[in-house]
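Visitor: I'll drop the sequence and a predicted model, then ask my questions.
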Amino acid sequence: MTPKLLLVVAAASAAVAFAGSDLTPPTGYRQWFHVNSAIVDSGSPLFGLHNIYVNAKGLPGLEKGGPYAEGSVFVDDIHAFTVANGVRSEGDRKALSVMVKDSKSYAATGGWGFQLWAGGDAAKPAVTDAATQCFACHTPRKDHDYVFSTYIP
């Protein structure tokens, strides 16, 4: 799992629910700003096609390289892909990950809440220890408010 692709996930809207440190998968994120797409190699646990999105609150921070406003949300929509005739095409969803900026609730992880839901229905949260499973990879990006994604105009 490359830190660059773990980057991404955070954006706030009414679709993101908070219950202490519990996050739910956001809806409508494919209408948010599409940050970038990348393919993570098969040697990574997050192998697949990654589509990164940021909500409207997070876009100004993305454009400046941080810091991000409270309520910023990044989503990493991770899919399998097929290769046919030299073309890589998106397949079934493998996982959905999110980063949510909420400094009060997530002070121990740089002000960001993290979660990943495995599978097509994104029903079961996979992150049980965000500090080691997510934030540890994000710490080298402290100067960018822990976000790996960069703005490409």
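Guide: Nice, I can see it.

Visitor: tell me which helix or strand comes right after the helix or strand bottoming out on mean pLDDT in the chain.
Guide: When each helix and strand of the chain is scored by mean pLDDT, DSSP states H and E, strand 18-19 comes last, with a mean of 30. Later in the chain than strand 18-19, the nearest helix or strand by DSSP states H and E is strand 22-23.

Visitor: what helices and strands are in contact with that following strand?
Guide: With contacts taken as 3 or more Cβ pairs under 8 Å, 6 or more residues apart in numbering; DSSP states H and E, strand 22-23 sits against strand 112-118. C-beta: built from backbone N, CA, C; applies to glycine.

Visitor: average model confidence for the lengthiest strand in the chain?
Guide: For the chain, the strand with the greatest residue count under DSSP state E is strand 87-101. Mean per-residue pLDDT for strand 87-101: 93.

Visitor: other SSEs contacting that strand?
Guide: strand 48-54, strand 73-84, strand 112-118.

Visitor: need these in TSV with mean neighbour count, can you?
Guide: Below are the helices and strands packed on strand 87-101 laid out as TSV (neighbours: other Cβ atoms under 10 Å):
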stretch	mean neighbour count
strand 48-54	24
strand 73-84	20
strand 112-118	23
